[in-house]
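*Asks:* With the input below, show me the fold.
(one chain, ligands or ions: 2)
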Amino acid sequence: SALSLKTSHSSLLNALQHFFGYSSFRFGQEKIIEQVMSGKDSLVLMPTGGGKSLCYQLPAALLPGITIVISPLIALMKDQVDSLNRQGISAAFINSSLTNEEINSIFQRLAEGEIKLLYLAPERLKSRYFLESLHSLPISLFAIDEAHCISQWGHDFRPAYTQLYCLKQQFPTIPILALTATADVTTRKDILMQLQLHQPNIHIDSFDRPNIRLTMADKYNGIQQAIGYIKKRGVESGIIYCNSRWQVENLAKALASAGINCAAYHAGLESEIRNNVQDNFAKDNIQVVVATIAFGLGINKLNVRYVIHFDPPRTLESYYQEIGRAGRDGLAAEALFLYDDKDVQRIIKRINDSDDESRVDVEMQRFQTMQGFIDAQTCRRQVVLNYFAEYTDKSCGNCDICLDPPTLFDGTVAAQKILSCVYRIEQQGNIDYLIQVIRGELNGQVKANAHDQVSTFGIGRDKTPGYWHAIIRQLIHLGYLQQDIANQSTLCLTQAARGVLTGNSILMLAAPRLQKASYWQRNKQ
Ligand code: ADP
Ligand code: ZN
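*Replies:* Ligands and ions are numbered 1, 2, ... in the order given. Take a look at the predicted model:
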């Protein structure tokens, strides 16, 4: 039968001090713990570092039976279990690293009431036999960590998690506590449905991380920009995310030869190397980690001062989770997003090319919210918080849009230069090529195509490549230009371009932001 315990403020506080040595609860923890102890199902959304673990660890210590924690983070189980045991809460884990003998002996100890907290990988529940063994144990609570992994809509779907629907069916009276640091509205609903939570207590912490400055900047010479930025930050710790292992290696090599103390991290490296990087980063022996998204879960470092996105993340959720690794000490930190339309086009192509047709739609929709964030002309934090349904009408004062609002200018002439140049080169070039022609750069390809002979050759010499990049990007967003993704992203004119070319309409554009960006000294570009 369900266990329901009434708890008083002082008894919980005593237990907190006794087991964890903390003098007070963090915002939300006490109420969550009360609800859990009273036998209610719960969904808890708290940012990373918010103190989710305590919400099941303290109940585990106090409830009469066993608390089962389902976690995908096998690598972290041992550490967590060790530290719980040190704190006087007897804990164990069962995952693929154990022999059958070891597992049997854990079951023995569970049956004898010697273990309060058992960590499991979700795969375990696939075994009928295993589930049946659980039935013979006095279980008080199921805690499901990283609960967003259950949802196809979540950004980190794990098939093994779908198994968890069986918990409510098999153990209808045992409360479930689902925890996650990242779930948009759709994912939340999905978690509730799939776990079949019963009239759950839902706790949603603020997602706002006001100390992290959100900065978007055009990437026009990414590696040099990254180097310049890192050097400017001195010895501060940072993480750079790239989308591919190749890019990680490539960038790490470039940073290292610029004298930056850095290391690469991705799933293709041996676990010994990866652990080594994680360790040395934690100890400040490594200043910068260049990584794929494989680096993240379980980084327990408070003083990461910046996170750079060298490539765009696939979803706004993953973006927000990744930047959340900065400034966990609450001090000022920055999330720098180096944006290049080429990267975006590459991702769109990859999504479209996916073998799994059923995912294309979902992935595309999710990426569109990312693009919305990228294109935002209003406070970026508002865009994110609204996405997480934490509605706010206040702009934050700590993002590039707030700090440096885009000013509109009459961009008709600039647009005409671009569009007529696309016309003159007979729609045969991509963005970079077009910029070479418009700036009058006489290279081999331009010569070979005789594009130094067109009337628009060099008409944009007075402006930087970054400037033109920003203008072209807006023309694409506004629907005057299209990129032919299937053909090396060649730029083509749309019907709408005609009105601009004939001078029939005035086109207001956002002034390119590069000139004001103070992150790096620009070489003569
Ligand atoms: P999450 O799982 O939400 O990412 P953790 O549970 O790992 O966060 O907690 C982050 C850190 O905060 C841990 O070092 C934890 O010991 C600490 N912590 C949690 N609750 C409290 C509290 N009430 N008082 C002080 N420190 C706390
Ligand atoms: Zn803002």
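*Asks:* element containing the residue most central in space within the chain?
*Replies:* The centroid of the chain falls nearest to Ser318 when counting by Cα atoms, centre = their mean (2.3 Å). Secondary-structure assignment from DSSP states H and E places Ser318 in helix 316-323.
*Asks:* Could I get the buried residue list for the longest helix seen in the chain?
*Replies:* If you go by DSSP state H, the chain has its longest helix at helix 357-375. Under the neighbour-count criterion of 16 or more other Cβ atoms under 10 Å, helix 357-375 has 362-363, 366-367, 369-370, 373-374 buried. Using the backbone N, CA and C atoms, a C-beta is placed for each residue, glycine as well.
*Asks:* Determine which two of the residues you listed are furthest apart.
*Replies:* Maximum pairwise distance among the buried residues of helix 357-375 (Cβ to Cβ): 19.2 Å, between Val362 and Ile374.
*Asks:* Gln108: which element?
*Replies:* Following DSSP H and E, the helix or strand that holds Gln108 is helix 100-111.
*Asks:* from the middle of its chain, how far away would that helix be?
*Replies:* 38 Å (Cα atoms, centre = their mean, to the nearest Å).
*Asks:* Stretch 198-217 too?
*Replies:* For stretch 198-217, the distance to the chain centre is 13 Å (Cα atoms, centre = their mean).
*Asks:* Kindly check the end-to-end length of it for me.
*Replies:* Its start and end residues considered, stretch 198-217 measures 45 Å (Cα to Cα, to the nearest Å).
*Asks:* what's the answer for stretch 290-303, then?
*Replies:* So stretch 290-303: terminal residues 16 Å apart, Cα to Cα.
*Asks:* Could you do stretch 422-436 as well?
*Replies:* 12 Å.
*Asks:* which other residues reach that stretch?
*Replies:* With contact meaning Cβ atoms under 8 Å, 6 or more residues apart in numbering, stretch 422-436 is reached by 341-342, 418, 421, 437, 443, 445-446, 449, 451, 454-456, 460, 465, 468-469, 472, 481, 483, 488-493, 497, 501.
*Asks:* Over to stretch 472-485?
*Replies:* Stretch 472-485 has contacts (Cβ under 8 Å, 6+ apart) with 218, 341, 345, 348-349, 375, 411, 415, 418-419, 422, 430-431, 434-435, 489-494, 496-497, 500, 507, 509-510.
*Asks:* Just the buried ones from the residues you listed?
*Replies:* Buried among these by 16+ other Cβ under 10 Å: 218, 341, 345, 348, 411, 415, 418-419, 422, 430-431, 434-435, 489-491, 493, 497, 500, 507, 509-510.
*Asks:* Tell me which of those residues fall in strands.
*Replies:* Within these, residues falling in strands by DSSP state E are 218, 490-491, 493, 509-510.
*Asks:* For those residues, which two are the farthest from each other?
*Replies:* Greatest spatial distance among these (Cβ to Cβ): Thr490 and Ala510, at 24.6 Å.
*Asks:* Look up how far Gln199 lies from Met46.
*Replies:* 21 Å (Cβ to Cβ, to the nearest Å).
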